[in-house]
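Asker: Everything below, folded, please.
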Amino acid sequence: MKKTKKIQIGTRFIGGDAPITIQSMTNTDTRDAQATINQIHALHQAGCEIVRVAVPDQRAADVLPQIVKACPIPLVADIHFDYRLAMASLEAGVDKIRINPGNIGASWKVKEIVEKAKFHQAAIRIGVNAGSLEKRFLTEGVGIQSRHLVDSVLDQANVLESFGFSSIVLSAKASSVPLFVETNRQLSAATDYPLHLGVTEAGFGIPGIVKSTAGLSILLAEGIGDTLRVSLTGDSIQEVEVGIALLKSLHLRQGGIEWVSCPTCGRTQVNLESLAKEAKERLSHIQTPYVIAIMGCEVNGPGEAQNADFGIAGGKGRGVLFQSGTIVKTVPEEQLIDALVDLVESAERKE
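Answerer: Here you go, the predicted structure:
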């Protein structure tokens, strides 16, 4: 795995030996400070570690000090076009700003932003998207290619470096998974700045989750990426939940339960989905990295989940409770979850 520079973002670090952080973005109207603060706290509770807010105008910038004061995690201001909004955001105390220097305007404006970021010890993320790439980086008659995105990102990093600034995070996003993956492979090979990963405009529901996971998992498995956002239409909390699950599935994060459950078949004689949801809800407070299996039948359940720390396998009107592949006891179906919770919590007390 290639080591990148370690950049401080408020109380967190991105890059180097720091763990991969999960980000999200509020979808409230930032000008409504209380609604935005409420959503930030909900995201934090879900596991979000860095949060971004849009700053579309001066009214949004005016309430940033209130949001900064109430924010429990590092705060990023998302800025486009108006350098004054970046200046106001930094003055308000945000930990990082996301800009595209190419749409900020004259170099003196970028320089003023850099000087303000230096003074406030804030970082800058250069964010380039395939959908808004500057025309000067395109090749006439050719569609957007990875080299166009890489050239744009590195060009803008050079602008910040020319002003003596190096607290930089880079991101090159695309909605096309192959374009996103190839771009970030090339960017990783060309620089040691930490990379922020995200398949932009991934969509909603299952298609959006699959699209994001497809792109992110390829790069993460190759050791590329220092922080990520799963960009989904809808509830931002789902972005965080998917991000956490993705990192856990790649063994890039520990903490909390890893759930295993079978897809069900004709042998299933219990409401497995209901059992799984109840188990997840009642054991949500457990932070020890247990593997817990919720299986649909006694035929293969304990064997298929033999690597699980704990689990249940349903039967007709009853089921078995097992630990590390060994059956502990048989209990009535309506007592399965109680028995599982008791077993896990008992083990937790012994930790």
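Asker: the domain parsing of this structure - what is it?
Answerer: As given by automatic domain parsing, the domain ranges for the chain are 7-249, 258-350.
Asker: who's in contact with residue 113?
Answerer: 83, 86, 87, 90, 97, 99, 104, 124 (CB atoms under 8 Å, 6 or more residues apart in numbering). The C-beta positions use only the backbone N, C-alpha and C, and glycine is treated the same way.
Asker: now swap in residue 329 and tell me
Answerer: Applying CB under 8 Å, 6+ apart, the residues near residue 329 are 320, 321, 339.
Asker: before we move on, what about residue 86?
Answerer: Residues in contact with residue 86, defined by CB under 8 Å, 6+ apart, are 77, 79, 97, 99, 104, 113, 116.
Asker: will you turn these into a markdown table that also has distance to residue 57 and secondary structure?
Answerer: A markdown table is the format used below for the contacts of residue 86 (distance: CB to CB, whole Å; DSSP: H, G, I helix; E, B strand; the rest coil):
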| residue | distance to residue 57 | secondary structure |
| --- | --- | --- |
| 77 | 12 | strand |
| 79 | 11 | coil |
| 97 | 15 | strand |
| 99 | 16 | strand |
| 104 | 16 | coil |
| 113 | 17 | helix |
| 116 | 19 | helix |
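Asker: Out of these, which is nearest to residue 328?
Answerer: Nearest to residue 328 among those: residue 77, at 52.8 Å, using CB to CB.
Asker: Quick check: which element contains the closest residue to that closest one other than its chain neighbours?
Answerer: Nearest non-adjacent residue to residue 77, counting by CB to CB, 6 or more residues apart in numbering: residue 89, 3.6 Å away. In this assignment (DSSP states H and E), residue 89 forms part of helix 83-92.
Asker: one step back: from the contacts of residue 329, which land in helices?
Answerer: Using DSSP state H, the subset of these located in helices is residue 339.
Asker: how about a markdown table for the contacts of residue 329, with neighbour count and pLDDT added?
Answerer: A markdown table is the format used below for the contacts of residue 329 (neighbours: other CB atoms under 10 Å; pLDDT from 0 to 100):
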| residue | neighbour count | pLDDT |
| --- | --- | --- |
| 320 | 21 | 88 |
| 321 | 20 | 90 |
| 339 | 18 | 93 |
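Asker: wait, which of the contacts of residue 329 is closest to residue 295?
Answerer: Distances from residue 295 to the contacts of residue 329, taken by CB to CB, are shortest for residue 320, at 9.0 Å.
Asker: Can you tell me how far the closest one is from residue 270?
Answerer: Separation of residue 320 from residue 270 (CB to CB, to the nearest Å): 12 Å.
Asker: Pick out the lowest-pLDDT one from the contacts of residue 86.
Answerer: Lowest in pLDDT among those is residue 104, which has 85.
Asker: tally of neighbours for that one?
Answerer: Per other CB atoms under 10 Å, the neighbour tally for residue 104 reads 21.
Asker: Least confident secondary structure element in the protein?
Answerer: Within the chain, no helix or strand scores below helix 301-304, which has a mean of 69 by mean pLDDT, DSSP states H and E.
Asker: related to what we said a few turns ago, and which of the contacts of residue 113 is nearest to residue 276?
Answerer: Once CB to CB is applied, the member of the contacts of residue 113 that ends up nearest residue 276 is residue 97, at 41.6 Å.
Asker: any idea how far the nearest residue to that closest one once chain neighbours are set aside is from residue 86?
Answerer: Distances taken as CB to CB, 6+ apart place residue 77 nearest to residue 97, at 4.9 Å, with adjacent residues excluded. Distance from residue 77 to residue 86, counting by CB to CB: 7 Å.
Asker: Pull up the overlap in contacts between these two.
Answerer: Here residue 77 and residue 86 share the contacting residues residue 97, scored by CB under 8 Å, 6+ apart.
Asker: the helices in the chain, which residues?
Answerer: Secondary structure of the chain (DSSP H): helices at 33-46, 58-62, 64-70, 83-92, 107-120, 146-162, 177-190, 205-221, 236-249, 272-282, 301-304, 336-350.
Asker: Turn these into a markdown table, columns for distance to residue 2.
Answerer: Output for the helices of the chain, formatted as a markdown table (distance: least, CB to CB, whole Å):
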| stretch | distance to residue 2 |
| --- | --- |
| helix 33-46 | 29 |
| helix 58-62 | 37 |
| helix 64-70 | 33 |
| helix 83-92 | 30 |
| helix 107-120 | 26 |
| helix 146-162 | 16 |
| helix 177-190 | 6 |
| helix 205-221 | 12 |
| helix 236-249 | 18 |
| helix 272-282 | 36 |
| helix 301-304 | 37 |
| helix 336-350 | 37 |
